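1. based on what follows, work out the 3D shape:
(chains A, B, C and D)
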There are 2 protein chains.
Amino acid sequence: MTTNPLTTSPTARHQAGRRERKSDRTRRRILDAAADILSRKGFDGTRVAEIAEIAQLSVPNVYYYFDSREAILEEVVNIGDRLALDHVKAALAALPPEATAMDRICTAFAAHLDTVLKQSAYAAAAMRTMAQLPSDIRARQLHHQRESGEMWRGLIAAGVEAGEVDPDLDPRAARMFLLGAVNWAPEWWNPERGSIEDTVATVRRLVRNALTVPTSATRTGSPNESAM
Amino acid sequence: MTTNPLTTSPTARHQAGRRERKSDRTRRRILDAAADILSRKGFDGTRVAEIAEIAQLSVPNVYYYFDSREAILEEVVNIGDRLALDHVKAALAALPPEATAMDRICTAFAAHLDTVLKQSAYAAAAMRTMAQLPSDIRARQLHHQRESGEMWRGLIAAGVEAGEVDPDLDPRAARMFLLGAVNWAPEWWNPERGSIEDTVATVRRLVRNALTVPTSATRTGSPNESAM
DNA sequence: GTCTATAGGAAGATAGAC
DNA sequence: GTCTATCTTCCTATAGAC
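-> Down below sits the predicted model:
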């Protein structure tokens, strides 16, 4: 979970342990810079001149490595999507077989939060700019979104089947609300106000509470008691 | 809660029930268009030409009403912030005196969600572009943010004091996670996949579950069991 | 109040020398 | 591979007629 997130980049020619060529490192500096800006300023706010400045090269030099501004941003988003999914899958795979469905759900959200906060500006950028992407880029990443969607859906469904998740919750809405909670974190999280570990621990507890079947004693009336 | 959100706009000359002049209506069309685009495309993605197109007037005409593009967007954000806070306060004021601290918290989040989803593109725009705003605009809205911050902090604190909110949760992180969940909703919510009322009901239940002191039976180990 | 025409400048992208 | 110089397009904003 602490390995270099880009050794598995779609563009990496040589995989395992092989030392990057200078060209690859420059290309990567560009992507790193773009991911950083994209996650902070959004799609239209990400300027090639600023990417070049942070990556410490000239604007034309950026175009030596990429065909267009959009091509850079599309690759950032693709890497981010993949990274987020891979980290969640890796965290799930590391769980002992006796882990409950709820353990798996909490671990998945915790891993996703860890990714967008610490592991990868790419993932943060991908999550925070989804709606802003031009339609052609969105279309090309659709199959990828579907894969993540199915994973999250499956996790929650397993929890419901096991009787560990509150069956009165709309599974889709609950899933999206919790993903939103986590995807929004880069907006407010500040290392000076609390460590990543504490924040991740909070989200674990919050998710577990939120999804667990409540004891009737603590509830007042039906879920729809007052519509607003 | 269904009154026109802009009769209380900072720029409205005549308040209560007085009919708007044509000039005010045009001004408002511009703001409406800007709010819509801003909430979808972010600060840098909002173009004056597109505002003009949606508001059905020419670009120079927009500049007859506003000094600059930034002036439009700043007013949208200010209105949005105010609207969101006012709607939450109104919902809280409408609660019966016997409402518990947890009732108040759920009602507040429900009202906020209702605002960003249904009542106001202004509120959605304000919430979703906070981090993208130029620093001068951010500075001018800071006092406003503080007022909301204090309200939310107070609601949670009251819940903890009343013994209704899980004291093991970090209050700030929990508050920000739940606000994120709600602010993120415009990204995925779709009227065809579920009504606003159902979605609001889900968030009520989710928030109540998330913050309620859990029964020890449903927990496994300490909150920090596995650090990831 | 609303428009057509246009100034002025920023940003994406390319040419071509080194 | 990297740069300086430049082209082109798009966008903010203004001038000035109606």
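2. which one is residue A:208 nearest to, not counting chain neighbours?
-> Closest residue in space to residue A:208, ignoring its immediate chain neighbours: residue A:106 at 5.4 Å, by Cβ to Cβ, 6 or more residues apart in numbering or on different chains. The way it works is simple: take the backbone N, C-alpha and C, and place the C-beta from them, glycine included.
3. list the residues that contact that neighbour.
-> Counting by Cβ atoms under 8 Å, 6 or more residues apart in numbering or on different chains, residue A:106 makes contact with A:204, A:207, A:208.
4. and it, how close does it get to DNA strand D?
-> Per Cβ to the nearest atom of the strand, to the nearest Å, residue A:106 is found 44 Å from DNA strand D.
5. SS state for that residue?
-> Secondary structure, DSSP: H, G, I helix; E, B strand; the rest coil: residue A:106 is helix.
6. low-confidence ranges, chain A, go.
-> A:1-18, A:217-228 (pLDDT under 70).
7. enumerate the residues of it near DNA strand D.
-> With the criterion set to Cβ under 7 Å from any atom of the strand, chain A comes near DNA strand D through A:21, A:22, A:23, A:26, A:57, A:58, A:59, A:60, A:61, A:64.
8. keep those, but drop any that are not near DNA strand C.
-> Filtering those for neighbours of DNA strand C using Cβ under 7 Å from any atom of the strand leaves A:59, A:60.
9. ok, which pair from the residues of chain A next to DNA strand D is furthest apart?
-> Largest separation among the residues of chain A next to DNA strand D by Cβ to Cβ: A:21 and A:59, giving 22.5 Å.
10. is any residue of stretch A:30-38 near DNA strand C?
-> No. Under the criterion of Cβ under 7 Å from any atom of the strand, stretch A:30-38 makes no contact with DNA strand C; the nearest approach is 10.2 Å.
11. and residue A:150, how many residues sit next to it?
-> By other Cβ atoms under 10 Å in any protein chain shown, the residues close to residue A:150 number 11.
12. before we move on, what about residue A:93?
-> Neighbours around residue A:93, by other Cβ under 10 Å: 7.
13. look up phi and psi at residue A:165.
-> phi -110, psi 130 (degrees, to the nearest 10).
14. before we move on, the earlier item: can you tell me which of the contacts of residue A:106 has the most neighbours?
-> Busiest of these [other Cβ under 10 Å] is residue A:207, holding 25 neighbours.
15. give me phi/psi at that one?
-> The phi/psi pair for residue A:207 (degrees, to the nearest 10) reads phi -70, psi -40.
16. any idea how far residue B:117 is from it?
-> Going from residue A:207 to residue B:117 by Cβ to Cβ, to the nearest Å gives 22 Å.
17. I'd assumed residue A:33 was in contact with residue A:57.
-> No. Contact criterion Cβ atoms under 8 Å: residue A:57 and residue A:33 do not qualify, at 9.6 Å.
18. between these two, point out the one with more neighbours.
-> Shown here are residue A:57 and residue A:33; by other Cβ under 10 Å, residue A:33 has more neighbours (23 against 17).
19. neighbours of the residue of chain A found nearest DNA strand D, just the number please.
-> Residue nearest to DNA strand D within chain A: residue A:23 (2.7 Å; Cβ to the nearest atom of the strand). Neighbourhood size, residue A:23 [other Cβ under 10 Å]: 11.
20. about what we covered before: nearest to residue B:72, of the residues of chain A next to DNA strand D?
-> When the residues of chain A next to DNA strand D are compared against residue B:72 (criterion: Cβ to Cβ), the nearest one is residue A:59, at 30.1 Å.
21. ok, that closest one to residue A:71 distance?
-> Going from residue A:59 to residue A:71 by Cβ to Cβ gives 15 Å.
22. swap in residue A:207?
-> Per Cβ to Cβ, residue A:207 is found 36 Å from residue A:71.
23. mind listing what the residue nearest to residue A:116 when sequence neighbours are not counted touches?
-> In this structure, residue A:116 finds its nearest non-sequential neighbour in residue A:124, 4.4 Å apart by Cβ to Cβ, 6+ apart. Residues near residue A:124 by Cβ under 8 Å, 6+ apart: A:35, A:39, A:80, A:116, A:117, A:186.
24. next SSE after the helix or strand where residue A:124 lies?
-> Here residue A:124 sits within helix A:121-129, counting by DSSP states H and E. Moving toward the C-terminus from helix A:121-129, the next helix or strand (DSSP H and E) is helix A:135-140.
25. which parts of whichever helix or strand comes after that following helix are buried?
-> Using DSSP H and E, the helix or strand that follows helix A:135-140 in sequence is helix A:142-161. Neighbour-count burial for helix A:142-161, with 16 or more other Cβ atoms under 10 Å in any protein chain shown as criterion, is recorded at A:148, A:152, A:155, A:156, A:158, A:159, A:160.
26. ok, which stretches of chain A are helices?
-> Secondary structure of chain A (DSSP state H): helices at A:22-41, A:48-55, A:59-65, A:69-93, A:101-114, A:121-129, A:135-140, A:142-161, A:171-183, A:185-188, A:196-211.
27. out of the ones you listed, nearest to residue B:193?
-> Closest among the helices of chain A, using Cβ to Cβ: helix A:171-183, at 6.9 Å.
28. list of residues touching that closest one?
-> A:109, A:112-113, A:116, A:127-128, A:152-153, A:156-157, A:160, A:165, A:203, A:206-207, A:210-211, B:177-178, B:180-185, B:187-189, B:193-194, B:198-199, B:202-203, B:206.
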